[in-house]
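**Student:** Predicted model, plus sequence, below.
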Amino acid sequence: MPVSSAPTSASSCSARGDEVICVDNFFTGTRRNVEHLLGHPRFELMRHDVCFPLYLEVDEIWNFACPASPVHYQHDPVQTTKTSVHGAINMLGLAKRVGAKILQASTSEVYGDPQVHPQPEDYWGHVNPNGIRSCYDEGKRCAETLFFDYHRQHRLRIKVMRIFNTYGPRMHPNDGRVVSNFIVQALKGEAITLYGSGQQTRSFQYVDDLIRGCMKLMGTADDVVGPVNIGNPVELTVRELAEAVLRLTGSRSELVYRPLPHDDPMQRCPDITRARRLLDWEPRIQLEEGLGETIAYFESLLGLRSPRSMALAARTAVPAVAPTAAAPVPATVPPAVAQRSLPEAVCAPAVTTLENEAGVAA
Ligand code: UDP
C-alpha cells in the first residue's frame, strides 16, 4: 500500500490496483482534486501535516509535500523549510520502520540560478542560501541530503526525481505560477503580467508526462536511486509563453511588465539524458496540446469561455433549421468545453504526501 501526497499520483496508483492513502494538510491543495477518488474502495484521504510523525503500514511512500509556487512557499518560509526537512525526516523514519521504498519529489530549484545550461544531474547548482527562494531551494536540497544519507547509512530504498516546471488541470486559479496566471488573466480579459523583461526562460512539462516519469522511476531496480531530472527540454521565454496563451485563447489581453522577483532564475532547461537512459522516458505532450487541456480546465472551473473556444463552438454548431418531426432542432450550441472530461489523474500506490506541482512541481 502506498502513501502519497499528490492527487495525480494517487489517482494513477489506485487505477493500477494499489491501495492508496493520500495525506494532505490542504495548505494549497483542495479536496476537489481527489473528489473523484473519495468513494473508491482502495483510496483513503487523510488530513495530516508531514511536519509531524506518521505511523502507518505501507509498502511505498511518494513524498510530494511542500508548496511549490513561489507565492505560496514565501508566504510562511519557516514552515516551508520545515515541510521539506521535518517532512523528509518523518517520511524517511516511516520508510525505515516499515521497510518501504520511498520517492522524493525534488526540484529543478536545487540548481538555483544555473550557470550550466541545460542542467544535468551532476551540476551542483548556483543557489543563494539566504534569499527569499532559499526556504524552498535549500529545504529541498537538505531533503535530498537526508534521502541519500538514509540510503547510505540505513540501506533505505530511495528514488529522487528533480521535477522541472509542471502545469496542467487541477492547478488552483490563484496558484500564482506563470502558466495558471497567464491563462486565468487571458480568460478574464485582464492584463498578462510579465515579470522583468519576459526574456527569462523555463521549460514546461505537462502533468501526465510527469506522472508517467514518477511511475517509471518508482518501478526501477533498487540500484536506481537518482537523482533523475523529469522535465520537458523544450525551452521558451516567458514572453513566448504569454504569446502562446494569447494565441490559444484568442484573448486580446495586453502584456504589462512588472518587477522581476529577487533571485528569479534567468534560464532553466533539463538535460534528460539520464531519464531517457534509465527510464526509457521522455515527454510526449507538446506545449500547445498541454496548454489546450489546461485552458479547457480553467474555462470549465471558472465558467468562462475564451474567444477562441466560442468561435470554434459557433463553427461546429448545427445550423438552426425549422423543426420537423423527424429531426428535432438542437437547442443551443453544444457546450463543448463544459462537457469535456478532464484527463483522469494518475493513481499511485501507497502513501502520497500532497501539495506540490499541479498540485504539481517547479
Ligand atoms: N512569471 C511572470 N508572470 C507571472 C508569474 C510568473 O512573468 O504572472 C515569471 C516568473 O518571474 C518566472 C517564470 O515566470 O521567471 C516562472 O515563474 P513560476 O512562478 O511559474 O515558477 P518558477 O520557475 O519561478 O519557480
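**Tutor:** Now that the structure is in, tell me what you want to look at. All figures in this text were calculated on a predicted structure; none of them were measured in a lab. Numbers count the residues shown, from 1 in each chain.

**Student:** Packing partners of whatever helix or strand Y136 lives in?
**Tutor:** Of the helices and strands defined by DSSP states H and E, Y136 is found in helix 134-154. Contacts defined by 3 or more Cβ pairs under 8 Å, 6 or more residues apart in numbering; DSSP states H and E place helix 134-154 against helix 70-73, helix 77-98, strand 101-107, strand 158-163. Yep, even glycine has a C-beta here, placed from its N, CA and C like the rest.

**Student:** tell me the mean pLDDT for it?
**Tutor:** For helix 134-154, the mean per-residue pLDDT is 98.

**Student:** Which residues belonging to it are considered buried?
**Tutor:** Neighbour-count burial for helix 134-154, with 16 or more other Cβ atoms under 10 Å as criterion, is recorded at 134-141, 143-144, 146-148, 150-151.

**Student:** Let's have the helices and strands packed on helix 134-154 in JSON lines, adding mean pLDDT.
**Tutor:** Conversion of these to JSON lines gives the following (pLDDT from 0 to 100):
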{"stretch": "helix 70-73", "mean pLDDT": "95"}
{"stretch": "helix 77-98", "mean pLDDT": "98"}
{"stretch": "strand 101-107", "mean pLDDT": "98"}
{"stretch": "strand 158-163", "mean pLDDT": "98"}
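
**Student:** of all the ones you listed, which gets the most neighbours per residue?
**Tutor:** With neighbours defined as mean count of other Cβ atoms under 10 Å, the helices and strands packed on helix 134-154 peak in mean count at strand 101-107, which reaches a mean of 27.

**Student:** Check I183 and give its pLDDT.
**Tutor:** The model reports I183 with a pLDDT of 98.

**Student:** Please give me every residue in contact with it.
**Tutor:** I183 makes contact with 245, 249, 291, 294-295, 298 under the criterion Cβ atoms under 8 Å, 6 or more residues apart in numbering.

**Student:** where does the protein have its least confident helix or strand?
**Tutor:** Across the helices and strands of the chain, mean confidence by mean pLDDT, DSSP states H and E is lowest for helix 336-339: a mean of 26.

**Student:** where does stretch 186-203 sit relative to the chain's centre, distance-wise?
**Tutor:** For stretch 186-203, the separation from the chain centroid amounts to 19 Å (computed by Cα atoms, centre = their mean, to the nearest Å).

**Student:** wait, isn't E289 in contact with D209?
**Tutor:** No: under the criterion of Cβ atoms under 8 Å, E289 is not in contact with D209, lying 10.8 Å apart.

**Student:** So what would you say the end-to-end distance of stretch 118-137 is?
**Tutor:** The first and last residues of stretch 118-137 sit 18 Å apart, counting by Cα to Cα, to the nearest Å.

**Student:** List the buried residues in it.
**Tutor:** Within stretch 118-137, the residues scored as buried using 16+ other Cβ under 10 Å are 118-119, 121, 123, 125, 127, 133-137.

**Student:** residues near the residue nearest to F182 when sequence neighbours are not counted, how many?
**Tutor:** Spatial nearest neighbour of F182, chain neighbours left out: V245 (4.4 Å); criterion: Cβ to Cβ, 6 or more residues apart in numbering. As a burial measure, the neighbour count of V245 was computed by other Cβ atoms under 10 Å and equals 25.

**Student:** you'd agree V245 is in a helix?
**Tutor:** Yes: according to DSSP: H, G, I helix; E, B strand; the rest coil, the state of V245 is that of a helix.
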